[in-house]
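J.: task: produce atomic coordinates for the following.
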Amino acid sequence: MDKLKWEKASDPHTTPEILDGLSNDSDWVIRVAVAGNNHTNEETLRQLGKDTEWSVKNKVASNPHTPPDTLIALSNDPDWLVRSNLARNPSLDMDTLMKLFEDPRFTVRKSATETGRI
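T.: The predicted model follows:
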């Protein structure tokens with residue numbers, strides 16, 4: 001891992017344009033940092049929400065700035081950890097939260113319940 005790239009991707013003062021460039025890095029650790037940065041723009045979060053690495057999607061699922069369409073798409077992710085963290089996202093719409101409340105995986109249902117919104 002490139003420490004300088006990681007620091008830039010994690011820095012809350014990094015511009016959305018730089019984060020967009022870092023979102024294409026071959027190192028998934030850098031992409032995770034970009035996905036968790038509150039200055040990452042919606043289009044970049046949409047792209048990262050389709051990443052092949054579950055940990056990147058997991059961070060997108062928990063980012064409160066992730067656009068609604070991406071949050072809805074992540075509710076169908078095969079990885080239960082992604083769905084569980086998605087349930088905790090305060091920006092998640094109620095219909096999708098209710099869907100996660102009925103998830104076959106107990107941990108996902110528990111996360112949806114623990115939000116206090118159900």
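J.: sec struct for residue 39, please.
T.: Counting by DSSP: H, G, I helix; E, B strand; the rest coil, the backbone at residue 39 sits in coil.
J.: tell me how many other residues crowd it.
T.: 16 (other CB atoms under 10 Å). Where you see a C-beta, it was placed from the backbone N, CA and C, and this is true even at glycine.
J.: could you find the closest non-adjacent residue to it?
T.: residue 16 (5.5 Å; CB to CB, 6 or more residues apart in numbering).
J.: what does residue 10 give?
T.: Nearest one to residue 10, counting by CB to CB, 6+ apart, is residue 33 at 4.5 Å.
J.: what number of residues lie near that neighbour?
T.: Neighbour tally, residue 33, other CB under 10 Å: 26.
J.: is it true that it touches residue 6?
T.: Yes: applying CB atoms under 8 Å, one finds residue 33 in contact with residue 6, separated by 5.6 Å.
J.: surely residue 9 and residue 20 touch.
T.: No: at 10.9 Å, residue 9 does not count as touching residue 20 under the criterion of CB under 8 Å.
J.: ok so, going back, and the residue nearest to residue 10, how far from residue 83?
T.: In this view, residue 33 and residue 83 are 22 Å apart by CB to CB, to the nearest Å.
J.: coming back round to it: what is the mean pLDDT for the helix or strand containing the residue nearest to residue 10?
T.: Secondary structure assignment for residue 33, by DSSP states H and E: helix 28-36. For helix 28-36, mean pLDDT is 98.
J.: most centrally placed residue in this structure?
T.: residue 60 (1.3 Å; CA atoms, centre = their mean).
J.: so what's it up against?
T.: Neighbour list for residue 60: 35, 45, 48, 49, 51, 66, 70, 74 [criterion: CB atoms under 8 Å, 6 or more residues apart in numbering].
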